[in-house]
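what follows is a protein structure lacking sequence information:
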């Protein structure tokens, strides 16, 4: 069972406009499945490249336009999954856009702090960026129908990751697997981020104060680290699509900047799993 993503049609509408299409999103949110949905809507042979493969990383790092011509061949569409694993991917994508305007490239990345830094300068004016999040309730209604979707309330407890919705009978087990270190893999392999326990404690602290203003100093005292470390971890958690912040609302913009922030989880299931809050709804 594959649930159609709303993002699919938006992406297709921007094909062949001489720009790279970049899809960001957390691990296991459905980026590869979305590429497969796009593939079914296209009457072209697609070249699939996976950044997790060592030979693909080697071939696409520090590559020349002549080498790219050999790699791409007669393909008009190139999909590059997990592009953040490829060194200098921004320059590689720039070469494709500039030298092969008839080729449409679509890339995915599970961590914006790596991929965005690589492509920011080389692809200025040469890209469309999209963000794929867990399933929306609208997507569930479109797939199951309004009445059936209303009956399905487990998403309030287990969240809206595609695998959890598709394999509902194993939702609890899947959620805990997703909420383990795998979801934070990009953070753990990122330079200087090695304290998994600190990361989990920080997320648990956020999960227990949803809706309240967050004090960086208070979190630093609670975790036994300095304020800068807390800010760094929070920024990276945002860039890996685990949490997002909401700034205070004020008619005075200066006061809005001064006021505290509130942090929320992109998926309620991950928040519930972190604090083992999976009680029955009724």
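That came through fine. Because the structure is predicted, anything quoted here is derived from the model rather than measured.

after the helix or strand of the chain with the lowest mean pLDDT comes which helix or strand?
Ranked by mean pLDDT, DSSP states H and E, the weakest helix or strand in the chain is helix 253-258, scoring a mean of 57. Note on helix 253-258: by DSSP states H and E, the next helix or strand toward the C-terminus is strand 261-265.

buried ones in that next one?
262, 263, 265 (16 or more other Cβ atoms under 10 Å). For the C-beta atoms, the positions are set from N, CA and C on the backbone; glycine is no exception.

need the phi and psi values for the residue nearest to the first one when sequence neighbours are not counted.
Setting aside the residues directly before and after it, residue 262 is nearest to residue 246 in space (Cβ to Cβ, 6 or more residues apart in numbering), at 4.7 Å. As for residue 246, its main-chain torsions (degrees, to the nearest 10) stand at phi -120, psi 130.

and residue 246, what does it touch?
261, 262, 263, 264 (Cβ atoms under 8 Å, 6 or more residues apart in numbering).

before we move on, what about residue 241?
Going by Cβ under 8 Å, 6+ apart, residue 241 touches 24, 25, 26, 29, 110, 112, 131, 133, 266.

I figured residue 278 hits residue 159, correct?
No: using Cβ atoms under 8 Å, residue 278 is not in contact with residue 159; the gap is 10.4 Å.

neighbour count: those two, which is higher?
Per other Cβ atoms under 10 Å, whichever of residue 278 and residue 159 has more neighbours is residue 159, with 25 against 14.

read off the pLDDT value for residue 269.
Listed pLDDT for residue 269 reads 89.

and residue 36, by the same measure?
pLDDT, residue 36: 93.

quick one: residue 164 and residue 158 touch, right?
Yes: look at residue 164 against residue 158 with Cβ under 8 Å: they come within range, at 5.2 Å.

mind listing the shared neighbours of the two?
171, 175, 269.

PyMOL command for the buried members of those residues?
Buried residues among those (16+ other Cβ under 10 Å), as a PyMOL selection:
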select buried, resi 171+175+269
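
secondary structure and distance to residue 95 added to the shared contacts of residue 164 and residue 158, as CSV?
Formatted as CSV, the shared contacts of residue 164 and residue 158 follow (DSSP: H, G, I helix; E, B strand; the rest coil; distance: Cβ to Cβ, whole Å):
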residue, secondary structure, distance to residue 95
171, helix, 44
175, helix, 41
269, helix, 40
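
now, which of the shared contacts of residue 164 and residue 158 sits nearest residue 137?
Using Cβ to Cβ, the shortest approach to residue 137 within the shared contacts of residue 164 and residue 158 belongs to residue 269, at 13.7 Å.

ok, that closest one to residue 19 distance?
34 Å (Cβ to Cβ, to the nearest Å).

tell me how many other residues surround the nearest residue to residue 275 once chain neighbours are set aside.
With sequence-adjacent residues excluded and distances taken as Cβ to Cβ, 6+ apart, residue 275 is closest to residue 207, at 4.9 Å. Residues lying near residue 207 (other Cβ under 10 Å) number 20.
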